[in-house]
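K.L.:
Build me a structure from this.
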Amino acid sequence: MRTTSIWVLLICWLCFVPSFTSCSTTQSKKDNLTTTIYLVRHAEKENDSTDPDLNQKGRDRADRLSRLMQVNNVQYIYSSDYKRTRQTAAPLARSIPLDITIYDPRHHDDLVEQLKKHSSETSLVIGHSNSIPTLANLLVQQDLYTSLNHEEYNKIYVITCDKQWHCHSEIILF
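P.N.:
From the prediction side, this is the model:
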C-alpha cells in the first residue's frame, strides 16, 4: 500500500510540474517586452557572379544557423531577394515552418518600420556584407559597424530593443 501511494504521488507530481512550468513560461513570455532581431550575412556562395547559389560550406552553415535559430523562437524571417540569402534562410523556414518575407536591402528604413511591428517578438534578417552592418547601426542609432570583409560569414548581430525601441547590440560567432 505504501509503495502504491508513493507511485501515485510521483505520477501526480510529474503530471503537475510540467503544466505548472508551462503556465509560468507562457506568462513570462507575455510579460517579456524585449524585441530581438538577429541580423546575419548570407552563407558562403559558389562564386562572385551576380546571383550565385550557396556552396557546400554555405549550405552547412545555413543548416547550423537553422538549428541555432530554432531554439531562439524566431517568429519572422526576412531575406533580400537573392538566391544566396533565400537559401541561407530556407532550412529554418522549412523546419519551423515560416514564410520568408522578401525585403529590399536598399531601403533599410522600410525594413526597420516592418521590424517595429513585431514588438516583443523575434525576427531573423538575412542580408549582405554591407547591408547587415548598416541595418545594425540604424537599429542601435550609432555608427558601430563597418561592412564585413569578403570572407566573413560567421557573425550574428543580436539586436535587443526595449518597449521604447531603445536598442543595443552584440555580435556572436557561429
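
K.L.:
distance of Lys83 from Leu33?
P.N.:
Distance check for Lys83 against Leu33: by CB to CB, to the nearest Å, it reads 37 Å. C-beta: built from backbone N, CA, C; applies to glycine.

K.L.:
Looking at those two, which is more packed in?
P.N.:
Neighbours were counted for Lys83 and for Leu33 using other CB atoms under 10 Å; Lys83 has more, 16 against 11.

K.L.:
Run a quick check on the more buried one versus Asn55, I expect a contact.
P.N.:
No - using CB atoms under 8 Å as the test, Lys83 is too far from Asn55 to be in contact (11.8 Å).

K.L.:
Sketch out the low-pLDDT regions of the chain for me.
P.N.:
For the chain, the stretches with pLDDT under 70 are 1-32.

K.L.:
residue ranges of the strands in it, please?
P.N.:
For the chain, the strands defined by DSSP state E occupy 35-41, 76-80, 100-103, 122-127, 155-161, 167-173.

K.L.:
Of the ones you listed, flag the one that's most buried.
P.N.:
Sort those by mean neighbour count, taking mean count of other CB atoms under 10 Å, and strand 122-127 sits at the top with a mean of 25.

K.L.:
Tell me how many other residues surround the closest residue to Leu148 other than its chain neighbours.
P.N.:
Closest residue to Leu148 apart from its sequence neighbours, by CB to CB, 6 or more residues apart in numbering: Ser129 at 4.0 Å. When neighbours are counted by other CB under 10 Å, Ser129 registers 16.

K.L.:
so who does Ser129 touch?
P.N.:
Neighbouring residues of Ser129 by CB atoms under 8 Å, 6 or more residues apart in numbering: Arg41, Ser147, Leu148, Asn149, His150, Glu152.

K.L.:
Which of the residues you listed are buried? Put it as a PyMOL command.
P.N.:
To isolate the buried ones among these in PyMOL, judged by 16 or more other CB atoms under 10 Å, type:
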select buried, resi 41+148
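
K.L.:
Name the nearest of the contacts of Ser129 relative to Asn47.
P.N.:
Nearest to Asn47 among the contacts of Ser129, counting by CB to CB, is His150 at 12.2 Å.

K.L.:
Can you tell me the closest non-neighbouring residue to that closest one?
P.N.:
Ser129 (7.3 Å).

K.L.:
how close does the most centrally placed residue in the chain sit to Asn154?
P.N.:
With distances taken as CA atoms, centre = their mean, the residue of the chain nearest its centroid is Leu124 (3.5 Å). Taking CB to CB as the measure, Leu124 falls 16 Å from Asn154.

K.L.:
Correct me if wrong: the residue nearest to the centre of the chain contacts Ala62.
P.N.:
No - if you go by CB under 8 Å, Leu124 and Ala62 don't touch, sitting 11.7 Å apart.
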